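> Sequence and predicted model, in that order:
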Amino acid sequence: MGALAVGLAIGVFIVVHFHAILFLEKPILPYLEGRKLVYTHPGDTFSILMSASLVVGGIIALPMIGYQLWSFLSPALYKREKRVAIPIIFTGVLLFACGVALAYYFVLPLALAYLMRLESDALTPMITASEYFGFVTTLCVAFGAVFELPLAIVGLTALGIVKPQFLTKYRRHAIVACWAVSAIITPGDFLGTTFALAIPLYLLFEISVVLSYLVYKRRERRHAQLVEDEDEGTA
C-alpha cells in the first residue's frame with residue numbers, strides 16, 4: 001500500500017504539472033472540431049483528476065508492488081528462483097507498458113475513427129469528459145492487464161499447475177478465448193478493434209506456449225537432479 005500511495009502522489013504531480021489530461025485528450029481532438037469536452041457535474045473535474053492520477057500512479061508503483069510481493073514470497077523459494085525476481089518484475093512492467101501503448105497509439109485512434117463517424121443528421125455528439133477519460137483509462141488498463149498473459153502462464157508452469165501439453169491440446173479453444181476476450185474488452189461493435197487485440201493476444205499465447213515448454217523442461221531436469229541426489233544420499 002505504501003508503494004501505491006507513493007505512486008499515486010507522483011501520479012498527481014505528473015497529471016497536474018505535465019498535463020497528462022491533455023495527453024489523454026489528444027486522440028479525440030480531431031473529432032471535436034474546435035470544441036471542448038464537457039462536464040455535467042461540479043465534481044467531475046476532481047474525479048477525472050483523481051482517476052487519471054490513480055492510473056498513472058498505479059503504473060509507476062507497479063515495480064515496487066511487484067518487489068514487495070516477491071519479498072513476501074521469497075522466503076519460501078530456492079536461491080535460484082530468487083535470482084529471477086528482477087527479470088520477472090521488469091518483464092511484467094514492460095508487458096503492461098506495451099499493452100497500454102498498443103491501446104493508446106493504435107486501438108484508441110482506430111476505435112474513435114470508426115465510432116465518431118456513426119453520427120447522423122439527427123444526432124450531434126456531445127462527449128462528456130468523465131465518460132471519455134473513463135473509456136480511455138479502462139481500455140488502456142485492460143490492454144495492459146491482458147498483455148501479462150505470458151508472465152502468468154510461465155508462473156503457473158513454474159508452480160506445476162499448467163503444462164505445455166495442456167496448452168497445445170487446447171490451442172483451438174485458445175483462439176476462441178482470445179477472440180471472446182477481445183470482443184468483450186474492445187469498445188463498440190467494430191471488428192477492427194477486436195482484431196487489433198485478438199491477433200497480438202494470440203501471438204502472446206503462442207509465445208507463452210514456447211516459454212512454458214522451456215520452463216517445464218527446466219523444472220523436470222531440476223526435479224530429476226533432486227531425486228538423483230536423494231538416491232545417492234540414501235545409498
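Looks like it arrived, so ask away.
> Backbone dihedrals for Val176, please?
Here the main-chain torsion angles of Val176 (degrees, to the nearest 10) amount to phi -60, psi -40.
> What count of nearby residues applies to it?
Val176 is flanked by 10 other residues according to other CB atoms under 10 Å. Using the backbone N, CA and C atoms, a C-beta is placed for each residue, glycine as well.
> pLDDT at it, what is it?
You'll see Val176 listed with a pLDDT of 92.
> From Tyr202, how far out is it?
The gap separating Val176 from Tyr202 is 10 Å, by CB to CB, to the nearest Å.
> Kindly report the same for Lys36.
Relative to Tyr202, and taking CB to CB, Lys36 is found at 39 Å.
> Among the two, which residue is more densely surrounded?
Neighbours per residue (other CB under 10 Å) separate Lys36 from Tyr202, with Tyr202 holding more: 18 against 10.
> shouldn't that one be in contact with His173?
No - counting by CB atoms under 8 Å, Tyr202 stays clear of His173, with 11.7 Å between them.
> domains in the protein, as residue ranges please.
What the record gives for the chain is the domain set 1-146, 148-223, from automatic domain parsing.
> Lowest average pLDDT across these?
Per-segment confidence across the domains of the chain bottoms out at domain 1-146, which has a mean of 74 in mean pLDDT.
> List the residues that contact the residue positioned nearest the centre of the chain.
For the chain, the residue nearest the mean C-alpha position is Gly144 (1.6 Å; CA atoms, centre = their mean). By CB atoms under 8 Å, 6 or more residues apart in numbering, the contact list for Gly144 reads 59, 95-97, 99-100, 103.
> can I have stretch 183-200 written out in CSV, keeping just the CAs?
These are the backbone C-alpha positions of stretch 183-200, laid out as CSV (Å, rounded to 0.1, in the frame of the first residue of the first chain):
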residue,chain,number,x,y,z
ALA,A,183,-14.7,-8.7,-28.2
ILE,A,184,-15.5,-8.0,-24.5
ILE,A,185,-12.7,-5.6,-23.8
THR,A,186,-12.7,-3.5,-27.0
PRO,A,187,-15.4,-0.8,-27.5
GLY,A,188,-18.4,-1.0,-29.7
ASP,A,189,-19.2,-3.5,-32.4
PHE,A,190,-16.2,-2.5,-34.6
LEU,A,191,-14.4,-5.7,-35.7
GLY,A,192,-11.2,-3.7,-36.4
THR,A,193,-10.6,-3.0,-32.7
THR,A,194,-11.4,-6.6,-31.8
PHE,A,195,-8.8,-7.8,-34.4
ALA,A,196,-6.3,-5.3,-33.0
LEU,A,197,-6.3,-7.0,-29.7
ALA,A,198,-7.1,-10.6,-30.7
ILE,A,199,-4.1,-11.0,-33.0
PRO,A,200,-1.4,-9.9,-30.6
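> Could I get the buried residue list for it?
Residues of stretch 183-200 classed as buried: 185-187, 190, 193-194, 196-198, 200 (neighbour count, 16 or more other CB atoms under 10 Å).
> Off-centre distance for stretch 133-141?
12 Å (CA atoms, centre = their mean, to the nearest Å).
> With that, I have no additional questions.
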